[in-house]
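[1] what's the 3D shape of this:
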Amino acid sequence: MHKRMTIAVAVMLTVAACQQEPTSVAPNELLLAQEAQVIVADVAATRDGGTHYDGWLSRLFEALRNTDDPEARACLEEARTLRQQARAAFEAGDRELARQLLRESFLKVLCAVVEVFPNAAERTGLAVDQAIERIENFLGDREAPRIRAILAHVKELRVQAEAALSSGDKVTALALNLRGLQILHRLVEHVRDRHTNHDEVADSEMNSVGI
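    Predicted structure coming up:
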């Protein structure tokens, strides 16, 4: 009888442990994420940090609206057409096609960015690298498993971006660097909300930016 009760108690304790959230975010890591996100904003707002603009992607797009570069303007026109098609697909209920068209539209905008700012991919890459370095220095040896996992993922994006750049694909390189920068820009939300697909969240936010 005593043995059966002991087993029952053990089972109850095991179930209770499993019901707890083992992946919950520790309050101190969320505070660290908030500080790290400030670091990212500071890097992105500084020209020497690797960006061509004082702020985020929307401000860069604002500069494109006034460009007289014919190739850039052609890319922007294609982007607008694709966005209109995406809107039509969404209204028709084809969300998957709409997402695909929005992605293509965003890449066309980046095509214009590269045309107007030829070193955009390199400079945004430097911004991401600097942000990562400063965040890692800030963390030191403190426990921050979620933040470190996100940083590791962004480092992987940087490797892919450098490979694309080496092959001459500046648009893809820029897209990957901006994805990494956007992930870091939303670091608190990624940590707090325990996002499992950081790329999808970042891409969705970037693709929604129109011009």
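[2] Contacts made by the strand or helix carrying R123 with the rest, please.
    For R123, the element it lies in under DSSP states H and E is helix 120-139. Contacts to helix 120-139, defined as C-beta atoms under 8 Å, 6 or more residues apart in numbering, come from residues 32, 35-36, 39-40, 43-44, 49-52, 113-114, 117, 147-148, 151, 154-155, 157-158, 161-162, 165, 170-171, 173-174, 177-178, 180-181, 184. In short, each C-beta sits where N, CA and C put it, glycine included.
[3] Next step: the residues you listed restricted to helices.
    32, 35-36, 39-40, 43-44, 113-114, 147-148, 151, 154-155, 157-158, 161-162, 165, 170-171, 173-174, 177-178, 180-181, 184 (DSSP state H).
[4] Domain-wise, how is the protein divided?
    Listed domain ranges for the chain are 23-52+119-206, 70-117 (source: automatic domain parsing).
[5] Would you reformat the ones you listed as JSON lines and include mean pLDDT?
    Formatted as JSON lines, the domains of the chain follow (pLDDT from 0 to 100):
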{"stretch": "domain 23-52+119-206", "mean pLDDT": "87"}
{"stretch": "domain 70-117", "mean pLDDT": "90"}
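[6] Take these and lay them out in TSV including mean neighbour count and distance to A63.
    Formatted as TSV, the domains of the chain follow (neighbours: other C-beta atoms under 10 Å; distance: least, C-beta to C-beta, whole Å):
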stretch	mean neighbour count	distance to A63
domain 23-52+119-206	18	8
domain 70-117	18	7
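[7] Need those domains in a markdown table (columns: distance to L64).
    A markdown table is the format used below for those (distance: least, C-beta to C-beta, whole Å):
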| stretch | distance to L64 |
| --- | --- |
| domain 23-52+119-206 | 11 |
| domain 70-117 | 5 |
